[in-house]
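Undergrad: I would like the atomic coordinates for the input below:
(chains A and B)
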2 protein chains.
Amino acid sequence: MKAIIVASGGMDSATAAYQYAHRGYELHLVGFDYGQRHVKELSALMQVGGRLNAPVSIIDLKSLGEFLGRNSLTGDNTVPDGHYREETMRQTVVPNRNAIMINIAAGIAQAENAERVVTGVHSGDHYIYPDCRPQFVRALAESISYATEGAVALDAPFLHLTKADIVKEGARLNLPYEITWSCYKGGAQHCGTCGTCFERKESFNVAGVPDPTNYIQEGFEWYKGSLPVERAGLPVGGEMES
Amino acid sequence: MKAIIVASGGMDSATAAYQYAHRGYELHLVGFDYGQRHVKELSALMQVGGRLNAPVSIIDLKSLGEFLGRNSLTGDNTVPDGHYREETMRQTVVPNRNAIMINIAAGIAQAENAERVVTGVHSGDHYIYPDCRPQFVRALAESISYATEGAVALDAPFLHLTKADIVKEGARLNLPYEITWSCYKGGAQHCGTCGTCFERKESFNVAGVPDPTNYIQEGFEWYKGSLPVERAGLPVGGEMES
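TA: Sure, this is the predicted structure:
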């Protein structure tokens, strides 16, 4: 049994890798260099592979950068601070990124006789990124099945889970989250204020799992925006001090 | 109206480009360098773009070559001679190639506000290449539509046509087929014996359109295999001399 993990060095794909290793799969972790500012995530990916004793390959897609347009992950725009679910976060959308990466991984799976391609997309991604939604994943899985004549299946084990659920699963599998990287700004340390740092903090908080990350800006006190209603239970802003 | 043409420099995508130009679309021709032996097709693609006064971009996917495995298009294996529909032609399958290319083109379409991505796949491709079959194209079109929130549609205008039908369409549009390139061997001249040269000859022959190609090996007399039943009407081998 072999699985190709579409991996970034972030929490979700690292947890997927740990889960499939735990299930007894031979792994090949496949990451992508698409000119992202936070290329540091690829060093994190190497560490994840090292811990699992799994090979890591980085596919060079930098030549795509100039064609897929300017956005805050690959271009000169500033990475927006704030909650991940805000409209400004749309700046971080790289057109059709997941389909491109997952289809390359599916080609590798077929070449290596791996039965599965695994993506770590989760329900928290659905709001902003259309290529993380269930109907997209279903259509993509179908196209991969047809293209490989049924030899390769696409798994999205976290599709209907939250990032907090993922953290709980990773904690159960003893995944050392300090080796993973989330921050879109890609500095020396996690900034603690960009959308993906916000989401990282939030997921540990909601999961009740200690967050091992060293943020430049700890906590949520700095955040002046209002949270979406469904997150109102979160200890954020003034609430944390009450 | 703008269309991204997934283009190779071969007959099918050149005809698609001519067709969409004729329909009034602004075009962007997107080709791929995936380490193919017949990289010469990309020079042909430049010429197609030149005739249509359309920009051509070549995406560098050579880094994928080592991962997608050895096959006769990218590796050291010999390109097989003979009819395109034979089992030996499976050597020319690059895993999931169409899905990868079409999805990259869809990302470019979204970045450039183009409404359509066009692929030249046709019914003659279905036999060998699973990622050219109608059910695959349908699933892929769905995944693109979801990923782009309906902004980009996938067109496959030749999906249910034969290559001979395509040649008729190209002739109607005054496409100078001598600028296109088919031969998988990628020599100075079309070899005339590999599967794709065979198919090229056959399509002009069946369409009743003069074939402007200079082949090293003209005609079908060299071919010693038996043709599939449905091609029995073709003037091949001894029949040509009768």
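
Undergrad: quick check on A:S13: phi, psi?
TA: Note on A:S13: its backbone torsions stand at phi -70, psi -30 [degrees, to the nearest 10].

Undergrad: show me where chain A has strands.
TA: Here chain A has its strands, by DSSP state E, at A:2-6, A:26-33, A:56-60, A:116-118, A:153-155.

Undergrad: out of these, flag the one nearest B:V94.
TA: Using C-beta to C-beta as the criterion, the shortest distance between B:V94 and those is 14.8 Å, found for strand A:56-60. Where you see a C-beta, it was placed from the backbone N, CA and C, and this is true even at glycine.

Undergrad: what lies in contact with stretch A:174-188?
TA: With contacts defined as C-beta atoms under 8 Å, 6 or more residues apart in numbering or on different chains, stretch A:174-188 is touched by A:9-11, A:14-15, A:18, A:36-41, A:43-44, A:47-48, A:51, A:72-73, A:79, A:92, A:167, A:170, A:189-192, A:194-197, A:199-200, A:204, A:211-213, A:216.

Undergrad: centre of the chain to it, how far?
TA: With C-alpha atoms, centre = their mean, to the nearest Å as the basis, stretch A:174-188 stands 11 Å off its chain's centre.

Undergrad: A:R133 - how many residues pack around it?
TA: The local packing of A:R133 (other C-beta atoms under 10 Å in any protein chain shown) involves 19 other residues.

Undergrad: next, find the distance separating it from A:A153.
TA: According to C-beta to C-beta, to the nearest Å, A:R133 stands 19 Å off from A:A153.

Undergrad: kindly report the same for A:V56.
TA: For A:V56, the distance to A:A153 under the criterion C-beta to C-beta works out to 22 Å.

Undergrad: more neighbours, these two?
TA: The neighbour count for A:V56 versus A:A153, taken as other C-beta under 10 Å, is higher for A:V56 (21 against 17).

Undergrad: the residue nearest to that one when sequence neighbours are not counted and A:H160, how far apart?
TA: Beyond its immediate neighbours in the sequence, the residue positioned closest to A:V56 (C-beta to C-beta, 6 or more residues apart in numbering or on different chains) is A:G49, lying 3.7 Å away. Note on A:G49: its distance to A:H160, by C-beta to C-beta, is 27 Å.

Undergrad: those two: which is more packed in?
TA: The residue with the greater number of neighbours, taking A:G49 and A:H160 and applying other C-beta under 10 Å, is A:G49; the counts read 22 against 11.

Undergrad: need the residues of chain A near chain B, please.
TA: Proximity of chain A to chain B, by C-beta under 8 Å from any C-beta of the partner chain, involves residues A:30, A:57, A:59-61, A:63-64, A:67-69, A:94-100, A:103-104, A:106-108, A:110-112, A:130-131, A:133, A:135-136, A:139-140, A:142-149.

Undergrad: show me the helices in chain A, by range?
TA: Residue ranges of the helices in chain A, as given by DSSP state H, are A:11-22, A:40-52, A:62-65, A:97-111, A:134-147, A:163-172, A:195-207, A:237-241.

Undergrad: mean neighbour count, the ones you listed: which tops it?
TA: When neighbours are counted by mean count of other C-beta atoms under 10 Å in any protein chain shown, the highest per-stretch mean among the helices of chain A falls to helix A:97-111, a mean of 26.

Undergrad: what packs against it?
TA: Helix A:97-111 is packed against strand A:2-6, strand A:26-33, strand A:116-118, helix A:134-147, helix B:97-111, helix B:134-147, with contacts defined by 3 or more C-beta pairs under 8 Å, 6 or more residues apart in numbering or on different chains; DSSP states H and E.

Undergrad: out of those, the one nearest B:E221 is which?
TA: For these, distance to B:E221 was read as C-beta to C-beta. The smallest value, 32.7 Å, belongs to helix B:97-111.
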